[in-house]
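Visitor: Model the following, please.
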Amino acid sequence: MPNQNKPTPPLDEIAPHILRLWKARQTDQQIVQELQKHIDTNRYGIGLTTLLKIRKTMGLQRTRKQGHMVETIRDVMLALRATYLNAGAHEMAITEIHLARYDKA
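Guide: Numbering: from 1, shown residues only. Below is the predicted model:
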């Protein structure tokens, strides 16, 4: 009996879309929904579990999985504080997240 699941689309076809949606801070479920608009759903399929595996191979980890410690972000936060003197803690965290995501790609 054949497998009921469709094959995953080629990575080179979906990777740019995943990266774009990742940078736009979309949730994994939103990324899956958006990817289904860009792939041939008659031939290929993608679900949440498959996306998580692909994201892991691409090195795209959520904040908690990155395992940051005070020592690992200290230099970045000091540089941000020098640039954004009047930013509060929330604004600093958001700015650091945006910069880290755009530096990655």
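
Visitor: got any ranges where this protein has weak pLDDT?
Guide: Within the chain, the segments meeting pLDDT under 70 span 1-3, 63, 95-105.

Visitor: Which parts of it are strands?
Guide: Read by DSSP state E, the chain holds no strands at all.

Visitor: Please tell me how far the most centrally placed residue in it sits from residue 40.
Guide: Averaging the C-alpha coordinates of the chain gives a centre point, and the residue nearest to it by Cα atoms, centre = their mean is residue 22 (3.6 Å). Between residue 22 and residue 40 the computed distance is 22 Å (Cβ to Cβ, to the nearest Å). (Each C-beta comes from the backbone N, C-alpha and C, glycine too.)

Visitor: One more: residue 53?
Guide: Taken as Cβ to Cβ, the span from residue 53 to residue 40 is 20 Å.

Visitor: ranges for the helices of this structure?
Guide: With helices called from DSSP state H, the chain shows them at 11-23, 28-38, 48-58, 70-83, 89-104.

Visitor: Turn those into JSON lines, including distance to residue 4.
Guide: Output for those, formatted as JSON lines (distance: least, Cβ to Cβ, whole Å):
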{"stretch": "helix 11-23", "distance to residue 4": "21"}
{"stretch": "helix 28-38", "distance to residue 4": "17"}
{"stretch": "helix 48-58", "distance to residue 4": "14"}
{"stretch": "helix 70-83", "distance to residue 4": "43"}
{"stretch": "helix 89-104", "distance to residue 4": "36"}
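
Visitor: Understood, closing this out.
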